[in-house]
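A.B. asks: Please work out how this folds:
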Amino acid sequence: MRDDPAVIRMVNGARDGDRGAWDDLVERYAPLVWTISRRFGLAPADVDDVGQSVWLLLVEHLPDLREPAALPGWIATTTRRECLRLVRTGRRTEPADPVELLTELPYDEVPLDEELLLHERRTAVRTAFGQLSPRCRLLLSMLVQDPPAVYREISDKLHMRVGSIGPNRARCLDRLRQTPALAALIEFRIDRPIEDGGEQHG
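C.D. replies: Numbering: from 1, shown residues only. Got it, this is the predicted structure:
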């Protein structure tokens, strides 16, 4: 994963006892913990237990983390280990051998690199979306809700002519792509080497 300045700031701040940096770190990676836990089919209460365990372990091991960029991988791996512990022990708390646990990943588990890349994309999109104007956020939200709002509803809500909704959507999406968060992600993907002779897709 790339060296994200925001992650470096959060890690260094959390190490120094900055509560705000710690809260930002948890907010950023809680969705990753939740997504991995749900892939194991855990009940909501167990998902919460896994999250608490992961954050407690991170408090303990954060001073030992040499590279801030390694944090997402550490969180993902630790979350999987905690999930496997719950699955195998039925919520008992006996320590388990991490090497043994990692050899028993469910057959449909998403590879770690892919899991982290998906999380990075979601984080970038959420951050970029928050950098748009309120009007653009509302327009795009209404267009992607399930089911999408009809144009007449959008027109009434935003006081926008029906014929201008499409052009406004295009401008908002263009602004979204140009936000620092998405621009950095797009640049990172372009700079990545093509693996196994495959093609890069935008």
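A.B. asks: Domain boundaries for the protein, per the record?
C.D. replies: Here the domain assignment for the chain is 1-110, 131-193, based on automatic domain parsing.
A.B. asks: possible to save these as a markdown table with distance to residue 118?
C.D. replies: The C-beta positions use only the backbone N, C-alpha and C, and glycine is treated the same way. Shown next, in a markdown table, are those (distance: least, C-beta to C-beta, whole Å):
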| stretch | distance to residue 118 |
| --- | --- |
| domain 1-110 | 8 |
| domain 131-193 | 12 |
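A.B. asks: Which stretch among those domains is buried most, on average?
C.D. replies: domain 1-110 (a mean of 16; mean count of other C-beta atoms under 10 Å).
A.B. asks: roughly how far is that one from the heart of the chain?
C.D. replies: Distance of domain 1-110 from the chain centroid (C-alpha atoms, centre = their mean, to the nearest Å) equals 12 Å.
A.B. asks: Out of the domains of the chain, which is closest to residue 124?
C.D. replies: domain 131-193 (4.3 Å; C-beta to C-beta).
A.B. asks: pLDDT averaged over the closest one, what's the number?
C.D. replies: When pLDDT is averaged over domain 131-193, the result is 82.
A.B. asks: Make 52 the starting number, not 1.
C.D. replies: Fine by me, first position is 52 from now on; the one you just mentioned is domain 182-244.
A.B. asks: Show residues contacting stretch 208-221.
C.D. replies: 186, 187, 189, 190, 191, 193, 194, 200, 202, 203, 205, 206 (C-beta atoms under 8 Å, 6 or more residues apart in numbering).
A.B. asks: hmm, which two among those are most spread apart?
C.D. replies: 187 and 203 (19.7 Å).
A.B. asks: looking only at pLDDT, what's the mean for stretch 110-123?
C.D. replies: Stretch 110-123 comes out at a mean pLDDT of 85.
A.B. asks: gap between the two ends of it?
C.D. replies: End-to-end distance for stretch 110-123: 14 Å, by C-alpha to C-alpha, to the nearest Å.
A.B. asks: what pLDDT does residue 103 get?
C.D. replies: At residue 103, pLDDT is 91.
A.B. asks: and residue 211, how far is that from residue 90?
C.D. replies: 40 Å (C-beta to C-beta, to the nearest Å).
A.B. asks: same check, this time on residue 188
C.D. replies: 29 Å.
A.B. asks: One more: residue 119?
C.D. replies: Noted for residue 119: a distance of 25 Å to residue 90, by C-beta to C-beta.
A.B. asks: Ok, residue 202 next?
C.D. replies: Residue 202 is 37 Å from residue 90, by C-beta to C-beta.
A.B. asks: same deal with residue 70?
C.D. replies: For residue 70 relative to residue 90 (C-beta to C-beta), the value is 30 Å.
A.B. asks: Check residue 209 too.
C.D. replies: Distance from residue 209 to residue 90, counting by C-beta to C-beta: 38 Å.
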